[in-house]
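> What shape does this take:
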Amino acid sequence: MSGFDKDWLALRETADQATRDMGLVEELATYLQGMDRPFILDIGCGTGSTLRSLKDHLPRYAGWLLLDYDPLLLEEASRRAGTNADVTFRQHDLNDINALPLEGVSVVTASALFDLCSDGFCAALADRLAAAGCGLYAALNYDGVMRWSPEHPLDGQMTDLFNRHQRTDKGFGPALGPDATACLAKHLKARGFTVTTAESPWRLDQSSAALQTEFLGGLRQPLLEASELPDTTIDNWLDFRLAAIGTPGASCLIGHCDLLALPG
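Residues are numbered from 1 along each chain as shown. Below you'll find the predicted structure:
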């Protein structure tokens, strides 16, 4: 499957960094500090946002391997990482879960990934993690919540339509969308992991106008594909939401959830 546009990834990175639950990051850091040589495998790495967000909070002597299917994103991730000897990069199709290089890995990390994945994908990954004895830190999975101010009568319906589209196949089977964190937690707990979750919503205001504009622009096609409403109804709602960006008191909340699972 193809990767995301690097410009979109760059635009959302500031919001992602601001909303990660730091309690889970601190718990992960404590877990890794007890190891002589912790090693982190970041899957679906994109341009390396997870590395940039966590590296200063985790043990500095930890090694990293970043995987992505898109060679252009890997190239950008490598460029932004510089000449750090503790970070390496590899192309990998995540559909091949059995080939994930988990030997010697302390924890697998991923950001904004599992809401694109299926129940079967999560179950298979949980099996691999349990067999390898490594943990999972899965951040910023969409949880189905979207709220705006000022409100519009169609806000709830548009959220429902988007959530319906989020459950369509994104390259890993029928996607979990808003159910991703609950599904991951279920499979990991069943395999003996200690699982902790925390909300990590985007809270967007006038300072994030560019991100809101791009996000709303990206909603149009999913809404059209999931709906039998006239195109004009969707476009009028989008026009209202776009016009509200940057006005006094306007805000937007997009729900996400973080998960940390450690071996029992």
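> Tell me how far L28 lies from R164.
Counting by C-beta to C-beta, to the nearest Å, the gap from L28 to R164 is 33 Å. To be clear about C-beta, it is placed using only N, CA and C from the backbone, and glycine gets the same treatment.
> more crowded one of these two?
Shown here are L28 and R164; by other C-beta atoms under 10 Å, L28 has more neighbours (24 against 15).
> Look at the more buried one and give its secondary structure.
helix (DSSP: H, G, I helix; E, B strand; the rest coil).
> Tell me who's in contact with it.
54, 58, 107, 135, 137, 260 (C-beta atoms under 8 Å, 6 or more residues apart in numbering).
> Who does the third one form a beta bridge with?
Beta bridges link V107 to I40, G135 when assigned by DSSP bridges.
> Quick check: it touching C134?
Yes: using C-beta atoms under 8 Å, V107 is in contact with C134, at 5.7 Å.
> what touches both of the two?
Residues touching both V107 and C134 (C-beta under 8 Å, 6+ apart): L41.
> The spatially most central residue of the chain - nearest residue in space that isn't next to it in sequence?
With distances taken as C-alpha atoms, centre = their mean, the residue of the chain nearest its centroid is A112 (0.9 Å). In space, and not counting its chain neighbours, A112 is closest to L140: 4.5 Å by C-beta to C-beta, 6 or more residues apart in numbering.
> and the one you found, how far is that from A18?
11 Å.
> Do I have it right that Y31 meets V107?
Yes: counting by C-beta under 8 Å, Y31 touches V107, with 7.4 Å between them.
> joint contacts of the two?
Shared contacts of Y31 and V107, defined by C-beta under 8 Å, 6+ apart, comprise G135.
> More neighbours: those two, which one.
When Y31 and V107 are compared for neighbours, V107 comes out ahead with 24 against 18, by other C-beta under 10 Å.
> What secondary structure category should be reported for A198?
The local conformation at A198, judged by three-state DSSP, is strand.
> same check, this time on Y142
Per three-state DSSP, Y142 ends up strand.
> With adjacent residues omitted, what lies nearest to A77?
G48 is the one closest to A77 (C-beta to C-beta, 6+ apart), at 3.6 Å.
> And W8, how close does it get to A209?
Distance of W8 to A209, given as C-beta to C-beta: 15 Å.
> what about the helices in the stretch 51-200 of the chain?
Ranges of helices within the stretch 51-200 of the chain are 71-81, 119-132, 155-166, 180-190, based on DSSP state H, counting those that start in this stretch.
> Quick check, pLDDT for the residue nearest to the centre of the chain.
For A112, the model assigns a pLDDT of 96.
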